[in-house]
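Trainee: just coords:
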């Protein structure tokens, strides 16, 4: 169980480090307009990941509504990440090795479905003149 505890700490440290590195690098790149979605520039439609970086920035500013409008996967993914970590910490605290053997990741396919549905809805709205982000029609909701 001690090894699982160590692995959990290392994995979370890696996630925090990678998130901070991503925020820093994407901030620098976006200041020079080097970051552009190929799907968006080719088809003038939003891909499922469009708005993810802005959603992360909004979430870091604690602007939950803007984060959800940009891309709900950032907030939902973060909540699922916290959920699985809390369950793992409780299992380690209770010395429940069985939790790690029988761990089910049922929320991950649900997140994938939500991401695809949101992407479709966002593009249907775009066809009707409502551009949530503002990258295609120039006027965003936020």
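Mentor: It's in. The structure displayed is predicted, hence computed values, not measured ones. Residues are numbered from 1 along each chain as shown.

Trainee: Verify the contact between residue 45 and residue 123 for me.
Mentor: Yes - Residue 45 is within contact range of residue 123, at 5.0 Å (criterion: C-beta atoms under 8 Å). The way it works is simple: take the backbone N, C-alpha and C, and place the C-beta from them, glycine included.

Trainee: quick one: residue 78 from residue 53, how far?
Mentor: Using C-beta to C-beta, to the nearest Å, residue 78 is found at 14 Å from residue 53.

Trainee: Look at those two and report which has more neighbours.
Mentor: residue 53 (19 against 15; other C-beta atoms under 10 Å).

Trainee: I'd assumed residue 29 was in contact with the more buried one.
Mentor: No - between residue 53 and residue 29 there is no contact under C-beta under 8 Å: 9.4 Å.

Trainee: low-confidence ranges in the protein?
Mentor: Across the chain, the ranges flagged by pLDDT under 70 are 1, 30-35, 100-101, 141-142.

Trainee: for it, longest helix please?
Mentor: Identified as the longest helix of the chain according to DSSP state H is helix 2-31.

Trainee: Buried ones in that one, by neighbour count?
Mentor: 8, 26 (16 or more other C-beta atoms under 10 Å).

Trainee: Return the distance of it from the chain's centre.
Mentor: 13 Å (C-alpha atoms, centre = their mean, to the nearest Å).

Trainee: What is it packed up against?
Mentor: helix 52-60, helix 72-93 (3 or more C-beta pairs under 8 Å, 6 or more residues apart in numbering; DSSP states H and E).
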